[in-house]
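K.L.:
predicted structure and sequence below. I'll ask about it afterward.
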Amino acid sequence: MFEEIMFDSVAQLKFRIFKNLAGQLQGSYTYNQLAAETNLSYQQFYKLAHEINDELLANGLLQESIIVPNTGIATTNLSLTIDEYRYFLLENSLPFQLMRALLLKPELGLEGFCQQQFASRSTLSRRTQPLIKYLRRYQITINFQQFKLTGQETAIRLVFFYFFWIGYRNLRWPFEISKADAETYGAPFLKFSPLEKNFVGKLEAAMYSAVALTRISQKKIVAYDPAMDFLFVGNKRYDLDIYAALFDLSHEESQGEAASVYFLTNFLPFYESKSDPAIQQTITLFTRKSNVIWEFVEAFREFVLHELRINLDDETRDLMMANLANIVLAFYGFRGPFPNLPYLMKKPSPKSSDTLLLEEKISSFLYKITDQAEFSIFRPSIQPLIAVLRNGVSSYYYKLVKDQPLKVGVVVESNLMLVKPLSDFLLGINFIEAEYYKKEHTYDFIITTFSKLETSAVVYHWDYNEGYQHMGALYTALREAYLRKNR
């Protein structure tokens, strides 16, 4: 979805071709073969492949041509990564440059931006229609005349963060604020979040913090939401005045900013291990005062037990409920659907008949419960909640004892909705020990969504769309690495 929002039709085709080339083993391939794999005609593929090659050579991004005269393409000469090529295309993407200017250079104004991009207002309006439509899903609009986004400030920051996260992929730091300064914004809160234990989570936190501090410097402050009183009022764990001195904010401004970050560190389903002590901390957080979120999760637990007839042991039940409380909190806080990374990074996959039946039962539960006044706040979120609750009751896999296991580090986004199928898949493989990547650990095999990672281990690039369609290829690569280790 990200590429569909940011790229025109030609750039989307070029990106599709490049991803296909980058996924090939080193060697030479005919135009006919590659055209068939990318669902393009010979003429389309030939023309676009030559354009890609010429553009990259002209910009110094290839040392040698990838074109083999009268034959096809040599992937041996392809030195650019997928992330780097995406960024190259984004440099000429009017929607991406608009979002960049709206955050980092709002003083340009509409006229200044159009002049900078050599684009007319009508061209800008036409080429940003997919972006405008995407933002509208979350009640965010682009005010072109005032050159700003309008909507809920936390949602606006998430949109900027997600676009920059995917666009820059840790290749560049686009902010005037340094990473070290950005960390001062997120540091007080990471100690309460599983992100602190996660290599990628720390990178995500730094980039979101830079977005937030940029907005604060522009006097775009998050207003405190009284609906969150049940989390914060009388809770010594949360110091809502922490930003007053740090960033010279008033008491009210610090409350809004701090509450927003505390909210964001709790609003995703993080937990995968039943033994994680943070699970009980989350349950305590949501049960200390009466609130509609925990009542909703309790109602769903009853539905799981009595309607779906799923019996869970106490630890598994707590794991499920802690994750669900976190994600339901998001729908509560945003009053409806909210910007999320899976929507931008992963295309919907085909559903089995069993999945459709489960979703139908969950849908009936949701329509019935949201007819009750106290739960009506969740009615605008029924459709995304169906997928969230379905994931919440998906099967749990048991790890088996392994002799000489393959040590696997997983370098992916810290978003369980996005990576749950991958996590489940890895948990079912009895010859590996997989964990989220930690810099201080040594691995035999790395699975990553990043194109560049300094490691001596075998690196397997994971794509959220194609990856789930080719689990067999990942399994084969893991098995071969395991056999080499134990040879």
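P.N.:
It's in.
K.L.:
flag every buried residue along stretch 445-464.
P.N.:
Neighbour-count burial for stretch 445-464 flags 445-451, 453, 457-464 (criterion: 16 or more other C-beta atoms under 10 Å). Quick note: C-beta positions are derived from backbone N, CA and C, even for glycine.
K.L.:
kindly export it (C-alpha atoms) in CSV.
P.N.:
As requested, C-alpha coordinates have been extracted for stretch 445-464 and formatted as CSV (Å, rounded to 0.1, in the frame of the first residue of the first chain):
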residue,chain,number,x,y,z
PHE,A,445,21.0,-16.8,10.5
ILE,A,446,19.3,-13.4,10.3
ILE,A,447,15.8,-12.8,9.0
THR,A,448,15.4,-9.0,8.3
THR,A,449,13.2,-6.5,6.5
PHE,A,450,16.3,-4.2,6.2
SER,A,451,18.4,-4.3,3.1
LYS,A,452,21.6,-3.5,5.0
LEU,A,453,22.8,-5.1,8.2
GLU,A,454,26.3,-5.5,9.4
THR,A,455,26.6,-9.2,10.4
SER,A,456,28.7,-12.3,9.4
ALA,A,457,25.6,-14.5,9.7
VAL,A,458,23.6,-15.8,6.8
VAL,A,459,21.1,-13.0,5.9
TYR,A,460,17.6,-13.7,4.6
HIS,A,461,15.7,-10.7,3.4
TRP,A,462,12.0,-10.8,4.4
ASP,A,463,9.2,-9.2,2.5
TYR,A,464,5.8,-9.0,4.3
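K.L.:
hmm, who's touching it?
P.N.:
Around stretch 445-464, the neighbours that count as contacts under C-beta atoms under 8 Å, 6 or more residues apart in numbering are 19, 22-23, 81-84, 169-171, 342, 345-346, 406-413, 418, 422, 426, 432, 434, 437, 442-444, 474, 477-478, 481.
K.L.:
among these, the buried ones, what's the PyMOL command?
P.N.:
Buried residues among the contacts of stretch 445-464 (16+ other C-beta under 10 Å), as a PyMOL selection:
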select buried, resi 19+22+81+82+83+84+169+170+342+345+346+406+407+408+409+410+411+412+413+418+422+426+432+434+437+443+444+474+478+481
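K.L.:
pLDDT on stretch 27-36, on average?
P.N.:
Averaging pLDDT along stretch 27-36 yields 89.
K.L.:
pop the domain breakdown of this structure in here.
P.N.:
The chain resolves into domains spanning 2-90, 152-265, 278-392, 406-485 when parsed by automatic domain parsing.
K.L.:
show the end-to-end separation of the last one, please.
P.N.:
Terminal residues of domain 406-485 are spaced 7 Å apart (C-alpha to C-alpha, to the nearest Å).
K.L.:
same deal with the first one?
P.N.:
Its start and end residues considered, domain 2-90 measures 11 Å (C-alpha to C-alpha).
K.L.:
look up how far residue 235 lies from the residue nearest to the spatial centre of the chain.
P.N.:
Residue closest to the average C-alpha location in the chain (C-alpha atoms, centre = their mean): residue 341, at 3.0 Å. Computed as C-beta to C-beta, to the nearest Å, the residue 341 to residue 235 distance reads 28 Å.
K.L.:
same question for residue 260.
P.N.:
Remark: distance between residue 260 and residue 235 (C-beta to C-beta) = 15 Å.
K.L.:
which one's more surrounded, these two?
P.N.:
The residue with the greater number of neighbours, taking residue 260 and residue 235 and applying other C-beta atoms under 10 Å, is residue 260; the counts read 22 against 15.
K.L.:
and the pLDDT at the residue lying farthest from the centre of the chain?
P.N.:
Centroid-distance maximum for the chain: residue 70 at 41.4 Å, with C-alpha atoms, centre = their mean. Note for residue 70: predicted pLDDT of 82.
K.L.:
check contacts around it.
P.N.:
Contact analysis of residue 70 by C-beta under 8 Å, 6+ apart lists nothing.
K.L.:
ok but it is inside a helix, no?
P.N.:
No. Under the criterion used here (DSSP: H, G, I helix; E, B strand; the rest coil), residue 70 is coil, not part of a helix.
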